[in-house]
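*Asks:* kindly generate the corresponding structure for this input.
(one chain, ligands or ions: 1)
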Amino acid sequence: MKAVVIGAGIVGSLIARELTRYGFDVSIIEKEADVGWGVTKANSGIVHAGYDDEPGTLRAALCAKGNAMYEELSKELDFKVKRTGSFVVAFSDEELKILKELLKRGEINGVPNLKILDRNEILSMEPHLSPEVKYALYAPTAGVIFPWDVAIAAVENATANGAKLFLNERVVDIEVKDGRVRKVITDKEEHRADIVINAAGLYGDEIAKMAGSEHVPIHPRKGEYIVLDSRVSKMVKRVIFPTPTEKSKGILVVPTLTGEVLLGPTAQDLPPEMKDDLSTTAEGLNLVKEKATKLVPDLPFSEVFKTFAGLRPESPQKDFFIKKSEKVWGFVNVIAIRSPGLTAAPAIAKYVVEKVIEEDMRIPLEKRESFNPTRKGIPHFADLPPEKWNEIIKKDPKAGKIICFCNNVTEREIIEAIRRGARTLDGIKFRTRAMAGRCQANFCTTRVMKVLARELGVDMSEIMLKSGSSWVVDGKVRK
Ligand SMILES: Cc1cc2nc3c(=O)[nH]c(=O)nc-3n(C[C@H](O)[C@H](O)[C@H](O)COP(=O)(O)OP(=O)(O)OC[C@H]3O[C@@H](n4cnc5c(N)ncnc54)[C@H](O)[C@@H]3O)c2cc1C
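*Replies:* Sure, this is the predicted structure:
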């Protein structure tokens, strides 16, 4: 049976992988030049513990389940998860009432080991938190990931199991005949389809309209962030949330996997036509500074090295919209996947295949004997024990040639990223972390470009930053 997944974000990628477990003939269609460049690219990267969401909703059920699934998934797909734990802090007895409510919700949702701590306990664990803090809800199972790592790993594993990936292809129409999906039409070609999974993130409503399916409207809610250098890493060990409001979880302090500290996000609703507005604003960043300082007063803003924005796919109905279409046979919506979408993604993938496809659509599933659930990531040379370095460099001198000095990324890692499909500077950045360090690519851009040009057999003027026409070099200045 031919399944077409639209969107290679964390959700579509994991669904595609899950489909290959059962021998579907899977195609993944993505409009960008690489995997995980939509909502999956710009967010807080937290694997939430699961106490936020209203018990009984899909979000609550899939968040708690997804959190637990990250353990095995990260081993199978060889990506990092760091169980930092999280605090939701309260500065008053009024806010304590909300913490108690969250604790109760968490227990109903099946979140283990939640506990409310007092001021002394909090400050002994996180000494840089504001001395004004009174209570905190401690969730030891919360963690952090780089979400694009998960999407890349899932697609690599899905393609190793037979899926086909089509990048730089925008879905422009869906052909439906006699009430069934027949074809997904892109700006390049047509893909025959028995089942279409709509995992198009912010554009999920537009894709559903193409098929004539039920859907919910989606508008972007912008979140702006500030990133502090890893020199600040010792200041916070856990994810720090303020007490949440109806609208959002608030502005957080997040220690990332590699030691940088993320501050944000804001929450600003934008009209539906602004789904690609990733600009940051002075107003938004000042708000981030103000709110983050309330949590951790001595944050050193001299260590800011980057700002960015992400867009949440919001819809008026708060729950995820994961359903087979009642109007168009074969069409499945997996849309309105706002936070905790990263956390829930592994559980969403199982839910789509086992509940929606097998149970609701009555398509029998049979596990494929040859399915291989494992994939290996690109080894980061600097993480290997120093006693191994000489031995490896002797075999391959490129493994000893550092291209990105901030993150110690070698030429071998860049070549491996290209072998796995990176074709742009951002493709290299998200797969290896070259150009993602403190210098923000100032020193290594041209070095990476030379490797890309050489390996792809093209001129440097053909190398792009990301999708579209984002050329970096215009031409030669001197002959
Ligand atoms: C500010 C912010 C903070 C967040 N923090 C967290 C958090 O800490 N923890 C958490 O669990 N969740 C968090 N989330 C939510 C999480 O990021 C999302 O739920 C998740 O990334 C959604 O993934 P997705 O695969 O559905 O969407 P996407 O990643 O957007 O994937 C959809 C893909 O479809 C492609 N596409 C769209 N239209 C077409 C088309 N016509 N043709 C072909 N391809 C198309 C897009 O290019 C994109 O790659 C946050 C979100 C934001 C914005």
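*Asks:* how about the residues of the stretch 201-350 of the chain by the ligand?
*Replies:* 201-203, 207, 223, 265, 310-312, 337-343 (C-beta under 6 Å from any ligand atom). The way it works is simple: take the backbone N, C-alpha and C, and place the C-beta from them, glycine included.
*Asks:* one more time with 5 Å, if that's ok
*Replies:* 201, 203, 223, 265, 310, 312, 337, 339-343 (C-beta under 5 Å from any ligand atom).
*Asks:* and those residues, which is closest to Ser44?
*Replies:* The shortest approach to Ser44 among those belongs to Pro265, at 6.5 Å (C-beta to C-beta).
*Asks:* look up how far Phe381 lies from the closest one.
*Replies:* Separation of Pro265 from Phe381 (C-beta to C-beta, to the nearest Å): 33 Å.
*Asks:* next: Ala309.
*Replies:* Ala309 sits 32 Å away from Phe381, going by C-beta to C-beta.
*Asks:* now Pro346
*Replies:* Taken as C-beta to C-beta, the span from Pro346 to Phe381 is 29 Å.
*Asks:* who has more neighbours, these two?
*Replies:* Higher neighbour count among Pro346 and Phe381: Pro346, with 28 against 22, using other C-beta atoms under 10 Å.
*Asks:* hang on, isn't that one packed against Ala68?
*Replies:* No - judged on C-beta atoms under 8 Å, Pro346 makes no contact with Ala68 at a distance of 9.0 Å.
*Asks:* coming back round to it: mind putting the residues of the stretch 201-350 of the chain next to the ligand in JSON lines, secondary structure and neighbour count included?
*Replies:* Converted to JSON lines, those look like this (DSSP: H, G, I helix; E, B strand; the rest coil; neighbours: other C-beta atoms under 10 Å):
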{"residue": "Gly201", "secondary structure": "helix", "neighbour count": "28"}
{"residue": "Tyr203", "secondary structure": "helix", "neighbour count": "20"}
{"residue": "Gly223", "secondary structure": "strand", "neighbour count": "23"}
{"residue": "Pro265", "secondary structure": "coil", "neighbour count": "28"}
{"residue": "Gly310", "secondary structure": "strand", "neighbour count": "20"}
{"residue": "Arg312", "secondary structure": "strand", "neighbour count": "25"}
{"residue": "Ile337", "secondary structure": "coil", "neighbour count": "31"}
{"residue": "Ser339", "secondary structure": "coil", "neighbour count": "24"}
{"residue": "Pro340", "secondary structure": "coil", "neighbour count": "25"}
{"residue": "Gly341", "secondary structure": "helix", "neighbour count": "27"}
{"residue": "Leu342", "secondary structure": "helix", "neighbour count": "27"}
{"residue": "Thr343", "secondary structure": "helix", "neighbour count": "29"}
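*Asks:* would you turn these into a markdown table with distance to Ala33?
*Replies:* Below are these laid out as a markdown table (distance: C-beta to C-beta, whole Å):
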| residue | distance to Ala33 |
| --- | --- |
| Gly201 | 16 |
| Tyr203 | 16 |
| Gly223 | 24 |
| Pro265 | 25 |
| Gly310 | 19 |
| Arg312 | 23 |
| Ile337 | 22 |
| Ser339 | 26 |
| Pro340 | 27 |
| Gly341 | 22 |
| Leu342 | 22 |
| Thr343 | 27 |
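*Asks:* contacts for the longest helix belonging to the chain, please.
*Replies:* For the chain, the helix reaching the highest residue count under DSSP state H is reported as helix 58-77. The list of residues contacting helix 58-77 from outside it, by C-beta atoms under 8 Å, 6 or more residues apart in numbering, reads 47-50, 52-54, 80-81, 105, 109-111, 141-143, 145, 150, 153-154, 157, 318-320, 322, 340, 343-348, 350-351, 373-375, 377.
*Asks:* out of these, which are buried?
*Replies:* By neighbour count, with 16 or more other C-beta atoms under 10 Å, the contacts of helix 58-77 hold 47-50, 52-53, 81, 105, 109, 111, 141-143, 145, 150, 153-154, 157, 319-320, 322, 340, 343-348, 350-351, 375, 377 as buried.
*Asks:* in strands only, show me these.
*Replies:* Using DSSP state E, the subset of the buried ones among the contacts of helix 58-77 located in strands is 47, 143, 322.
*Asks:* now the helices for the stretch 1-150 of the chain?
*Replies:* Remark: helices assigned in the stretch 1-150 of the chain by DSSP state H, counting those that start in this stretch are 10-21, 58-77, 93-109, 119-125, 147-160.
*Asks:* deepest of those, which one?
*Replies:* helix 10-21 (a mean of 29; mean count of other C-beta atoms under 10 Å).
*Asks:* distance from that helix to the middle of the chain?
*Replies:* 14 Å (C-alpha atoms, centre = their mean, to the nearest Å).
*Asks:* next, count neighbours for Lys294.
*Replies:* The tally of other residues near Lys294 (other C-beta under 10 Å) stands at 16.
*Asks:* ok, it to the ligand distance?
*Replies:* Relative to the ligand, Lys294 is positioned 19 Å away (C-beta to the nearest ligand atom, to the nearest Å).
*Asks:* once you drop chain neighbours, what's closest to Ile414?
*Replies:* Residue nearest to Ile414 in three dimensions, not counting chain neighbours: Val451, with 5.0 Å by C-beta to C-beta, 6 or more residues apart in numbering.
*Asks:* the one you found: neighbour count?
*Replies:* With neighbours defined by other C-beta under 10 Å, the count for Val451 comes to 21.
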